[in-house]
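Chemist: after the sequence you'll find the predicted model.
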Amino acid sequence: MRENTRQETLDDPKLQLALYTATGRLMDHRKKAIGGGKVPEYQDLRTRAAAVKRHTLDYLDVYLTQFEAAVQANGGKVIWARDGAEAADFILSLAKEKGESLIVKSKSMTSEEIHLNDRLIKHELETVETDLGEYIIQLAGLRPYHIVAPALQMTRYDVSTLFEEKLGIAKDDVIENQTMTARRVLREKFLAAGIGITGANFLVADSGAVVIVENEGNARLSSSAPKIQIAIAGIEKMIPRVRDLGVFLALLGRSATGQALTSYTSILSGPRRKDERDGPEEFYVVLLDAGRTKLLADKEKRESLQCIRCGACLNYCPVYRKVGGHSYPWVYSGPIGKIITPQFQGKEKDPWLPFMSSLCGVCAEVCPVKIDIPKILLALRRESQKSSDDAGAMKWFARLMTRPWLYRLAASFGLGWLGRKDGVWVREVKWPASSGPLKDWLAVRDFPAPPEQSFRDWWEKRRK
Amino acid sequence: MSSAREEIINRVRAAISRKVGDKPAAPPEPLLRIRGYKLDEKIAAFRAALEALSGTVTETHSRAETQSAVKRLLDGRTAVASAHPLLAEQWVTEIEVVQSGLTGADLRNACASAGVGITSAYCLLAETGTIVFRASAEESRLISLLPPVHIAVVSSRRMLGGLDEMLSMIARPVDDSSAMVFITGPSRTGDIEQILVRGVHGPGHVHVVIVHEEDIR
């Protein structure tokens, strides 16, 4: 399967309905879990969560080393990776050393970010995604459509066709049956795999613990059944203490899927102890930089690193709900994708991205850790304008607007020239709108034309 | 060439302008919301929360009652039970179809084929209907995970108000175990069309039997 372009997404009524329904359901769940005074301390929780995250980033070196020491004390090992290649190299050499060839993976946006599967599969390691949504998009060869619901755009009919083609089973568009097919196929993988790779929602410095929040049980299986567990996480996932989970877990589940607690929250710290009945024999945590320290140095935008990946800003975003996840250039879509993509991938690559927003501010309002996304979008716009042609046009506009005589002149001549139809400046009209500086602008917008008589004229005539 | 570790830590220090040895400020105080409940309030809240997630709650007041409650929930299916002493004490392991005391590969195979997994719990959280699992010599990770049905037999003395109360009591779960898991209802997914399906990888059915130990002498 291939990704839809932005225009195809907008033109496809089925896809529009799928997007509208799925994000609508997620919004409803969140409203039911938070609204109506269900969580009276909700705003205090947000404030505290933001403060804890800010504090942790301010002293990140301290917490990273504390975390490392605690993991080692628990019998685990920390691997530091400057980039995706280093993370993948570690896993490849470990698999080779241990003679393992099958890896089960639970959902991790961090691993999507560094294209971990591609890197491992290229070296003939069978790497199987086990979260239902991730499994579906891995079969389809697509990138995640949504941070929390990776296959959000696909209907049961799409899945039916996909399973027929990739698994060779008869077409079946009952969602329960499709889910049970995945359970059956993946259960065998869980029991056969030698390595389980998970992500991490939080890294707890005082305990050397990895916290994983999920609903399906695939992260529990990935971290319990195979001999070796590897957790991969960005360095910004740190929190100081286990007790801070009170605040973060109260916010994460409710913001993401409207759950007070998700089905499973695992606090994992090291390999199985001597007297424990089961669990992995080896435990590794890969701490990834891959652009995070660069962003950490930017005081104005550092708060982007507070994100706990709940996906609420996507569900509420009027732009995401129309254009969908594949209209964004990277694996992170929606408002949070718009602010972290330029900062991780370079601002030159997709300079239009911070402008794909109405700045309505709903993303900041629903963010459980109070990231001021519109403020950061404006900062990114400002930076991009410094180097763009539009900056020159705006300078001329400013000159025009601050000189009354020039404005009067332009108004008396200019306005009459622009063609209008039904009170709107329209793009089909002749020069200058069709070829002048307004051409690009009017090509994608209708603009209400000013009245035939300007206010100045009207005022002058009235005074007489 | 410096190692990845040194380089990342140095990058972090440069980014936040911190020198080695600068004393860090204390983190904000943890915010824990703890409410006082009576036992019957906690049990009522637990029941409401778990039933809303399609789980069931049974209360028992004697060993015979516990055993027959578990038998009824088993409904003829085979089961594997953990080594938690409460299960033997409450005559659960005496039920004919229940296997217990397994270790290693036997335990793993039994979990993969059994119809039901029976455990106790470290504690229960009333506000959310949560079973708190802790890996130990008595409890295995796979029993509450591989079989399609999970039954937890837990003493009423182990009922807490909520997550924050538990966190206020245990600062570092890691001191006692390599894994603590909060189990809140059955395994579920909404990954296809955001339609809820239960039992995707873990158990699709969760039953809790609360034993009123204060009534048992």
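Modeler: Here it is on my side, so go on. Since this is a predicted model, take the numbers as computed values, not measurements.
Chemist: residue contacts, the spatially closest residue to B:F46 that is not a sequence neighbour?
Modeler: The spatial neighbour of B:F46 that comes closest, neighbours along the chain excluded (CB to CB, 6 or more residues apart in numbering or on different chains), is B:A126 at 4.4 Å. The C-beta positions use only the backbone N, C-alpha and C, and glycine is treated the same way. B:A126 makes contacts with B:37, B:41-43, B:45-46, B:49, B:159-162, as judged by CB atoms under 8 Å, 6 or more residues apart in numbering or on different chains.
Chemist: the residues you listed into JSON lines, with extra columns for secondary structure?
Modeler: Written out in JSON lines, the entries for these read as follows (DSSP: H, G, I helix; E, B strand; the rest coil):
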{"residue": "B:Y37", "secondary structure": "coil"}
{"residue": "B:E41", "secondary structure": "helix"}
{"residue": "B:K42", "secondary structure": "helix"}
{"residue": "B:I43", "secondary structure": "helix"}
{"residue": "B:A45", "secondary structure": "helix"}
{"residue": "B:F46", "secondary structure": "helix"}
{"residue": "B:A49", "secondary structure": "helix"}
{"residue": "B:M159", "secondary structure": "strand"}
{"residue": "B:L160", "secondary structure": "strand"}
{"residue": "B:G161", "secondary structure": "coil"}
{"residue": "B:G162", "secondary structure": "coil"}
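Chemist: now, which of those sits nearest chain A?
Modeler: Chain A has its nearest neighbour among the contacts of B:A126 in B:A49, at 7.7 Å by CB to the nearest CB.
Chemist: in chain A, what residue lies closest to chain B?
Modeler: For chain A, the nearest residue to chain B under the criterion CB to the nearest CB is A:G217, separated by 2.8 Å.
Chemist: buried subset of the contacts of B:A126?
Modeler: B:37, B:42-43, B:45-46, B:49, B:159-162 (16 or more other CB atoms under 10 Å in any protein chain shown).
Chemist: and which of these is nearest B:S3?
Modeler: Among the buried ones among the contacts of B:A126, B:G162 lies closest to B:S3 (CB to CB), at 43.4 Å.
Chemist: which non-adjacent residue is nearest the residue of chain A closest to chain B?
Modeler: Spatial nearest neighbour of A:G217, excluding adjacent residues (CB to CB, 6+ apart): B:G202 at 2.8 Å.
Chemist: sorry, back to before: and which of the contacts of B:A126 is nearest A:P404?
Modeler: Proximity of these to A:P404, judged by CB to CB, is greatest for B:G162, which lies at 66.1 Å.
Chemist: how many neighbouring residues does the residue nearest to that closest one when sequence neighbours are not counted have?
Modeler: Of all residues beyond its chain neighbours, the one nearest B:G162 is B:E127 (3.7 Å), with distances taken as CB to CB, 6+ apart. Applying the criterion other CB atoms under 10 Å in any protein chain shown, we find 21 residues in the vicinity of B:E127.
Chemist: so which residue is dead centre in chain A?
Modeler: Per CA atoms, centre = their mean, the C-alpha nearest to the average position across chain A is that of A:Y332, at 3.3 Å.
Chemist: how would you label A:G37: helix, strand or coil?
Modeler: On the three-state scheme (three-state DSSP), A:G37 is labelled coil.
Chemist: can you get me a residue count around it?
Modeler: The local packing count at A:G37 equals 7, with neighbours defined by other CB under 10 Å.
Chemist: measure the residue of chain B found nearest chain A to A:G253 for me?
Modeler: Of chain B, the residue with the smallest distance to chain A, taken as CB to the nearest CB, is B:G202 at 2.8 Å. In this structure, B:G202 and A:G253 are separated by 16 Å, where distance is defined by CB to CB, to the nearest Å.
Chemist: next, the residue nearest to the centre of chain A: secondary structure please.
Modeler: The three-state label for A:Y332, taken from three-state DSSP, comes out as coil.
Chemist: cool, A:I212 as well?
Modeler: strand.
Chemist: where does it land on pLDDT?
Modeler: In the predicted model, A:I212 carries a pLDDT score of 98.
Chemist: also A:W405?
Modeler: Predicted confidence (pLDDT) at A:W405: the value is 85.
Chemist: and it, how far is that from A:R456?
Modeler: 12 Å.
Chemist: for the two, indicate the residue with more neighbours.
Modeler: Legend: neighbour count by other CB under 10 Å for A:W405 and A:R456, higher for A:R456 (13 against 7).
Chemist: show me what the one helix or strand that one maps to is packed up against.
Modeler: Assessed by DSSP states H and E, A:R456 sits inside helix A:455-463. Counting contacts by 3 or more CB pairs under 8 Å, 6 or more residues apart in numbering or on different chains; DSSP states H and E, helix A:455-463 packs against no other helix or strand.
Chemist: sorry, back to before: ok so the residue nearest to B:G162 is a strand residue?
Modeler: No - applying three-state DSSP, one finds B:E127 to be coil, outside a strand.
Chemist: for it, grab phi and psi.
Modeler: Note on B:E127: backbone dihedrals following degrees, to the nearest 10 are phi -60, psi -30.
Chemist: closest to A:W80 out of the contacts of B:A126?
Modeler: Checking those against A:W80 by CB to CB gives B:G162 as the nearest, at 36.7 Å.
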